[in-house]
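S.K.: show me the folded form of this:
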Amino acid sequence: MSQERADRALFFPLADPAETTPLVSATEAEVVGLFEELRDSLFRYLLSFRLLPHDCEDLIQEVFLALFTHLQRGRSRAHLRAWVFRVAHNQGLKRHYQNRRRQQNQVDSTHLDEHADSALNVEEQMVLNERQSRLLSAFEALPEQDRYCLRLRAEGLTYREIAEVLGVSLGSVAQYLSRSLARLARADRR
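M.R.: Numbering: from 1, shown residues only. Coordinates of the predicted model:
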């Protein structure tokens, strides 16, 4: 079985290509195309909710199944990228709070890669680690909405798409981003 068919079977296990109508095939192709385009970005974004990788994978599947249903019902195809991130955002929040309730006393660590650059000497590595620690502390101190805006912008979403995902105005997105970038810049100068 080819990788494309395996991916397709993951999301559309009951769909037999021989029995589908051209509309279903076009919808499947559109969803699979969006999946391939957005999967990595969604995965990184969902990790920012401090979810485990397998939870992120589950949520991505749920999001694309919801997208398939959305399109099959003939609903709007406008701004699908923002729609997908909005659903992922809501599902990520929901799963995060479920996990927090289950594990009240246990804090899940973030999944950041911490690869030491072998070209740096010990002193340079220490300075770099201190800088990263300062920036991470400054980021964690930002209001939740500011952090979401930064994460979505880092995934390449436009201001308008971020506004749609978070359900805020375009001006609010600009304000959140400029305020948080200024705070991070100040933390970086220390």
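S.K.: okay, CA-based contacts and neighbour counts for the rest of this
M.R.: Will do.
S.K.: let me see the domain layout of the protein.
M.R.: Domains of the chain are assigned by automatic domain parsing as 1-104, 120-190.
S.K.: and those domains, which one averages the lowest pLDDT?
M.R.: If you rank these by mean pLDDT, domain 1-104 sits at the bottom with a mean of 81.
S.K.: pull the distance from that domain to the chain's centre.
M.R.: 12 Å (C-alpha atoms, centre = their mean, to the nearest Å).
S.K.: rewinding a little: kindly reformat the domains of the chain as JSON lines containing mean neighbour count.
M.R.: Output for the domains of the chain, formatted as JSON lines (neighbours: other C-alpha atoms under 10 Å):
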{"stretch": "domain 1-104", "mean neighbour count": "15"}
{"stretch": "domain 120-190", "mean neighbour count": "16"}
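S.K.: look at residue 76 and give its secondary structure.
M.R.: Classification of residue 76 by DSSP: H, G, I helix; E, B strand; the rest coil places it in coil.
S.K.: and the host helix or strand of residue 128, what does it pack onto?
M.R.: Taking DSSP states H and E as the definition, one finds residue 128 inside helix 122-141. Here helix 122-141 touches helix 170-189, going by 3 or more C-alpha pairs under 8 Å, 6 or more residues apart in numbering; DSSP states H and E.
S.K.: dead centre of this protein: give me the residue that sits there.
M.R.: Nearest to the geometric centre of the chain sits residue 45, at 2.2 Å (C-alpha atoms, centre = their mean).
S.K.: wait, that one touches residue 153, no?
M.R.: No. With contact defined as C-alpha atoms under 8 Å, residue 45 does not count as touching residue 153 (10.2 Å).
S.K.: follow-up on the earlier one: tabulate the CA atom coordinates of the helix holding residue 128 in PDB.
M.R.: Extracted as PDB, the C-alpha positions of helix 122-141 are listed here (Å, rounded to 0.1, in the frame of the first residue of the first chain):
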ATOM      1  CA  VAL A 122      31.700  26.300  27.600                       C
ATOM      2  CA  GLU A 123      31.500  30.000  28.300                       C
ATOM      3  CA  GLU A 124      29.700  30.700  25.000                       C
ATOM      4  CA  GLN A 125      27.300  27.900  25.700                       C
ATOM      5  CA  MET A 126      26.600  29.200  29.200                       C
ATOM      6  CA  VAL A 127      25.800  32.700  27.800                       C
ATOM      7  CA  LEU A 128      23.500  31.100  25.200                       C
ATOM      8  CA  ASN A 129      21.700  29.000  27.800                       C
ATOM      9  CA  GLU A 130      21.200  32.100  30.000                       C
ATOM     10  CA  ARG A 131      19.800  34.100  27.000                       C
ATOM     11  CA  GLN A 132      17.400  31.200  26.100                       C
ATOM     12  CA  SER A 133      16.300  31.000  29.800                       C
ATOM     13  CA  ARG A 134      15.700  34.700  29.900                       C
ATOM     14  CA  LEU A 135      13.700  34.700  26.700                       C
ATOM     15  CA  LEU A 136      11.700  31.600  27.800                       C
ATOM     16  CA  SER A 137      10.900  33.200  31.100                       C
ATOM     17  CA  ALA A 138       9.800  36.400  29.400                       C
ATOM     18  CA  PHE A 139       7.600  34.400  27.000                       C
ATOM     19  CA  GLU A 140       6.000  32.400  29.800                       C
ATOM     20  CA  ALA A 141       5.300  35.600  31.600                       C
END
